[in-house]
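# Quick one, what's the 3D model for this:
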Amino acid sequence: MTQKGDDIRDNVQLTPVFCIAPISSTTLDRFIKELEEYQENEAGNVAAQNVYIVTTNDPATLQNDPHRTRTPVASFTSPFIGYTLENLRVRWRELFRDPYPVNSPFTARTFIVLDKRSEEDGTCIIVSESVEKGEARAAFAVSTDVLCAPEMGTCELNEGLYPDQARDERKDDSAVGGGGILYPRDYFKKAGQ
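Residues are numbered from 1 along each chain as shown. A predicted model of the protein is given here:
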C-alpha cells in the first residue's frame with residue numbers, strides 16, 4: 001500500500017522493489033522498517049531514497065500511484081515470481097525508465113530484488129543497469145546506501161570497495177548465489193572509521 005503525506009521522505013525518488021519469489025508481508029514490513037530505522041538512527045538521513053514495492057505489471061497502475069510503500073504491506077502475489085535478473089532489467093526499463101524520459105519519480109539506474117533468500121537472512125539484491133558490475137547483495141538496512149552512488153552515476157556498483165569487504169561465500173539457488181559481494185549492515189559504519 002502506498003500513501004502520500006507531508007513527510008520529507010514523500011518527496012524523494014522511489015526505488016522499485018521486485019519480488020521474484022513469494023515474500024511474506026512480515027518480511028516486506030521488516031525490509032521497510034529496517035531500512036527506515038537505519039536511515040533515521042544510524043545514517044542520519046531521513047530523506048534517503050524510498051522504496052516502492054512493485055505489486056503490478058501494469059504500467060498505467062504504476063504511473064497513477066508513484067508514492068513510497070509504507071507498513072503494513074498488504075499481502076499480494078508478485079507478478080514477477082520466477083523472473084531472472086535479466087528479465088527484470090528489461091521489464092524495469094519498460095515500466096520505470098521508458099515512460100519517464102525526464103522528472104521520473106523512480107530511480108533511473110538501480111532497483112532492488114527480494115528473492116527466496118530475503119525471507120531467510122534479511123538480505124536483498126541490488127541491481128544496476130550496468131551488467132558488468134550489476135549485482136550485489138545487501139542487508140535490508142543498507143540497501144539504499146549501496147545503490148546511492150551508482151544511482152547518482154558517480155561510480156559503478158561495487159566499485160571502490162574497502163579492502164576488508166565481506167565476501168558472500170554462501171552457495172545457494174538465489175538469483176545472485178554465493179561468492180559475490182555482500183554488504184552487511186555495519187559496512188558503512190566500518191568504512192567510515
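# Please make it C-alpha for all contacts and neighbour counts, starting now.
OK.
# Now Thr110. Nearest residue, chain neighbours left out?
Among residues not flanking Thr110 along the chain, Ser128 sits closest, at 4.5 Å (CA to CA, 6 or more residues apart in numbering).
# quick one, phi/psi of the one you found?
phi -110, psi 150 (degrees, to the nearest 10).
# so Leu35 sits right up against Asp145, yeah?
No: in this structure, Leu35 is not within contact of Asp145 by CA atoms under 8 Å, at 9.5 Å.
# neighbour count winner among these two?
More crowded of Leu35 and Asp145, by other CA atoms under 10 Å: Leu35, with 22 against 17.
# What residue, apart from its backbone neighbours, is nearest the more buried one spatially?
By the measure of CA to CA, 6+ apart, the closest residue to Leu35 outside its immediate chain neighbours is Ala141, 4.0 Å from it.
# The one you found: what's it in contact with?
Ala141 sits next to 31, 34-39, 185 when contact means CA atoms under 8 Å, 6 or more residues apart in numbering.
# Check the gap between it and Glu37 for me.
Using CA to CA, to the nearest Å, Ala141 is found at 8 Å from Glu37.
# and what of Gly134?
26 Å.
# What is the end-to-end distance of stretch 126-144?
Per CA to CA, stretch 126-144 runs 8 Å from first to last residue.
# cool, stretch 129-140 as well?
Calculated as CA to CA, the first-to-last residue distance of stretch 129-140 is 20 Å.
# one step back: which one among the contacts of Ala141 gets closest to Glu120?
For the contacts of Ala141, the closest approach to Glu120 (CA to CA) belongs to Phe31, at 12.2 Å.
# The closest one sits in which helix or strand?
Using DSSP states H and E, Phe31 falls within helix 25-37.
# hmm, back to that, just the buried ones out of the contacts of Ala141, please.
31, 34-36, 38-39, 185 (16 or more other CA atoms under 10 Å).
# Now pLDDT and distance to Ser75 too, for these, in a markdown table please.
Formatted as a markdown table, the buried ones among the contacts of Ala141 follow (pLDDT from 0 to 100; distance: CA to CA, whole Å):
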| residue | pLDDT | distance to Ser75 |
| --- | --- | --- |
| Phe31 | 94 | 14 |
| Glu34 | 90 | 19 |
| Leu35 | 87 | 19 |
| Glu36 | 85 | 20 |
| Tyr38 | 83 | 24 |
| Gln39 | 78 | 25 |
| Arg185 | 67 | 26 |
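# Closest one of those residues to Arg93?
So of the buried ones among the contacts of Ala141, ranked by how close each gets to Arg93 (CA to CA), first place is Phe31, at 23.7 Å.
# In contact with that closest one, which residues are there?
Phe31 neighbours (CA under 8 Å, 6+ apart): 122, 140-141.
# will you turn the residues you listed into a markdown table that also has secondary structure, pLDDT and distance to Arg70?
Below are the contacts of Phe31 laid out as a markdown table (DSSP: H, G, I helix; E, B strand; the rest coil; pLDDT from 0 to 100; distance: CA to CA, whole Å):
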| residue | secondary structure | pLDDT | distance to Arg70 |
| --- | --- | --- | --- |
| Gly122 | coil | 92 | 18 |
| Phe140 | helix | 89 | 15 |
| Ala141 | helix | 86 | 15 |
